[in-house]
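Q: Give the three-dimensional model of this entry:
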Amino acid sequence: MSFQAYLDTIEDRTGLTPREFIAMAEERGFDDPSTKAGVIIDWLKQDYGLGRGHAMALVHVIKNGPKIDAKHVGSSGSHRDESDVLWLDGKQNRP
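A: Residues are numbered from 1 along each chain as shown. Sure, this is the predicted structure:
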């Protein structure tokens, strides 16, 4: 599953866009560099029922923004992304 597909699946399951999760994480102070991934994963599991893989996709965008490593962009396989910049504003709004 591509990184973007993880984010799209999260939106399907929760009705919330990645951008909305980022805003909620910021309200809780989870964007602070000292916040450990486990704290964010626990929140996402308890409040939204997300598993570790999906939660880690959100941890990345909460901590690092939409830019991902280009090593899988354009490569073959199930983990291939179309771009090294993830779309965070919802599937319906994707250009």
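
Q: G29 reaches W43, doesn't it?
A: No - here G29 does not reach W43: they are 11.1 Å apart, not a contact under C-beta atoms under 8 Å. Placement of C-beta: from N, CA and C, glycine included.

Q: Find the residue at the geometric middle of the chain.
A: The residue lying closest to the centre of the chain (C-alpha atoms, centre = their mean) is L58, at 2.8 Å.

Q: Nearest residue to that residue in space, please, no chain neighbours.
A: The spatial neighbour of L58 that comes closest, neighbours along the chain excluded (C-beta to C-beta, 6 or more residues apart in numbering), is F21 at 5.3 Å.

Q: F3 contacts E82, correct?
A: No - counting by C-beta under 8 Å, E82 is not a contact partner of F3; they are 10.1 Å apart.

Q: Please name the residues that touch the residue of the chain most remote from its centre.
A: Distance from the C-alpha centroid of the chain, by C-alpha atoms, centre = their mean, peaks at S76 (21.4 Å). Not one residue lies near S76 by C-beta atoms under 8 Å, 6 or more residues apart in numbering.

Q: Quick one: the helices in the chain, in order.
A: Listed in chain order, the helices of the chain (DSSP state H) span 3-14, 18-27, 37-48, 52-64.
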